[in-house]
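Fold the following and give me the result.
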Amino acid sequence: MILGRKGKKRGRRNYEITLTIHGYILIQSHFYGRFFEIFHFIYELMISTMTTVPKKRILYGNANYKEIVHKNDYFVDKTHDIEALERIEDPVFLRPRRFGKSLWCNILECYYDINQTDNFEHLFGHTYIGQNPTLLKNSYFVLHLDFSVIEPDLTMDITLLILRVKRFITQQF
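Numbering: from 1, shown residues only. Sure, this is the predicted structure:
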């Protein structure tokens, strides 16, 4: 922004205001007034020319892909790895803590689940795999198991845990 003084007119100073970004002149205007009025004028000028863009949230601890897409949050598209994953015979996900293992599994769940066929364009239309889908998209019944809701006792037997999981599955389906 360039603010230049041009002279006086009836006790007020004449200012020329030029607003530039990277050498391009956006606004050039003349203004008569006092010094504090100039800053108010510049503020109003800048606000009137700015467009508002909705801010995206930065994720932390959210592993629900549908919610991320619905809220239009920041998301690093790693769906190109789905093609490579389909070529691997026995995939294993080894990553350190807080590196997105749960989110990645949730993305795979949404991609392969036959119940998400109607939502595919909404969920993956903006991603690489949405524009280059594989033959296996939305072709499986996916069973989502969340073991974080099960609170095992220290003395719990593994067979009892399996029975709880079976009971949970039968209640869901």
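
which SSE is residue 164 in?
According to DSSP states H and E, residue 164 maps onto helix 158-172.

Would you mind pulling up the elements that that helix packs against?
Under the contact definition 3 or more Cβ pairs under 8 Å, 6 or more residues apart in numbering; DSSP states H and E, helix 158-172 sits against no other helix or strand. The C-beta positions use only the backbone N, C-alpha and C, and glycine is treated the same way.

domain ranges for the protein?
2-49, 65-142, 146-173 (automatic domain parsing).

Pull the contacting residues for the residue nearest to residue 105 when sequence neighbours are not counted.
Nearest non-adjacent residue to residue 105, counting by Cβ to Cβ, 6 or more residues apart in numbering: residue 93, 7.5 Å away. By Cβ atoms under 8 Å, 6 or more residues apart in numbering, the residues touching residue 93 are 101, 104, 105.

so how far is residue 165 from residue 93?
21 Å (Cβ to Cβ, to the nearest Å).

Render the CA-only coordinates of the helix holding residue 164 in PDB, please.
Below are the C-alpha coordinates for helix 158-172, written out as PDB (Å, rounded to 0.1, in the frame of the first residue of the first chain):
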ATOM      1  CA  ILE A 158     -10.200 -64.700  26.100                       C
ATOM      2  CA  THR A 159     -13.200 -67.000  25.500                       C
ATOM      3  CA  LEU A 160     -15.400 -64.600  27.500                       C
ATOM      4  CA  LEU A 161     -14.200 -61.700  25.300                       C
ATOM      5  CA  ILE A 162     -15.000 -63.700  22.200                       C
ATOM      6  CA  LEU A 163     -18.400 -64.400  23.500                       C
ATOM      7  CA  ARG A 164     -19.000 -60.700  24.100                       C
ATOM      8  CA  VAL A 165     -17.900 -59.800  20.600                       C
ATOM      9  CA  LYS A 166     -20.200 -62.500  19.200                       C
ATOM     10  CA  ARG A 167     -23.100 -61.100  21.200                       C
ATOM     11  CA  PHE A 168     -22.300 -57.600  20.100                       C
ATOM     12  CA  ILE A 169     -22.200 -58.700  16.400                       C
ATOM     13  CA  THR A 170     -25.500 -60.600  16.700                       C
ATOM     14  CA  GLN A 171     -27.200 -57.500  18.300                       C
ATOM     15  CA  GLN A 172     -26.000 -55.300  15.500                       C
END
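
so for that helix, what's the average pLDDT?
The pLDDT scores in helix 158-172 average 80.

re the thing from before, of the contacts of residue 93 - the most surrounded one?
Using other Cβ atoms under 10 Å as the neighbour criterion, residue 104 leads the contacts of residue 93 with 19 neighbours.

Thanks again, I'm all set now.
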